[in-house]
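Asker: Predicted model follows, preceded by the sequence.
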Amino acid sequence: HPEVKNAVMAADVLAGHDRDCMAWIGEHRELGALGGGIARRRGGRRRSAA
């Protein structure tokens, strides 16, 4: 039952059991948002063109 699962996950967030909301975010993230941010952050320091 998806409604029950959503209610339990929301209760976990509100009660502090999912402190950083990682379970909630993982379940509700859009598929297009998975690749963008993490890959850019792992690139490290940029070198100058000079």
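Answerer: Sure, I can see it.
Asker: three-state assignment of residue 49?
Answerer: coil (DSSP: H, G, I helix; E, B strand; the rest coil).
Asker: cool, and residue 3?
Answerer: Classification of residue 3 by three-state DSSP places it in helix.
Asker: Could you report the separation of it from residue 10?
Answerer: In this structure, residue 3 lies at 11 Å from residue 10, with CB to CB, to the nearest Å as the measure. All C-beta atoms are positioned from the backbone trio N, CA, C, and that covers glycine.
Asker: out of those two, which sits in the busier spot?
Answerer: Between residue 3 and residue 10, counted using other CB atoms under 10 Å, residue 10 has the larger neighbour count: 12 against 7.
Asker: which element is the more buried one on?
Answerer: Secondary-structure element containing residue 10, defined by DSSP states H and E: helix 2-15.
Asker: which other helices and strands contact that helix?
Answerer: Helices and strands in packing contact with helix 2-15 are listed as helix 22-28; criterion 3 or more CB pairs under 8 Å, 6 or more residues apart in numbering; DSSP states H and E.
Asker: mean confidence score for the helix it packs on?
Answerer: The predicted model assigns helix 22-28 a mean pLDDT of 85.
Asker: hey, C-alpha coordinates of it in PDB?
Answerer: Taking C-alpha atoms only, helix 22-28 is exported to PDB below (Å, rounded to 0.1, in the frame of the first residue of the first chain):
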ATOM      1  CA  MET A  22      17.800  10.300   3.100                       C
ATOM      2  CA  ALA A  23      15.100   7.500   2.900                       C
ATOM      3  CA  TRP A  24      12.500  10.100   2.000                       C
ATOM      4  CA  ILE A  25      14.600  11.800  -0.600                       C
ATOM      5  CA  GLY A  26      15.700   8.500  -2.100                       C
ATOM      6  CA  GLU A  27      12.100   7.400  -2.500                       C
ATOM      7  CA  HIS A  28      10.800  10.700  -3.900                       C
END
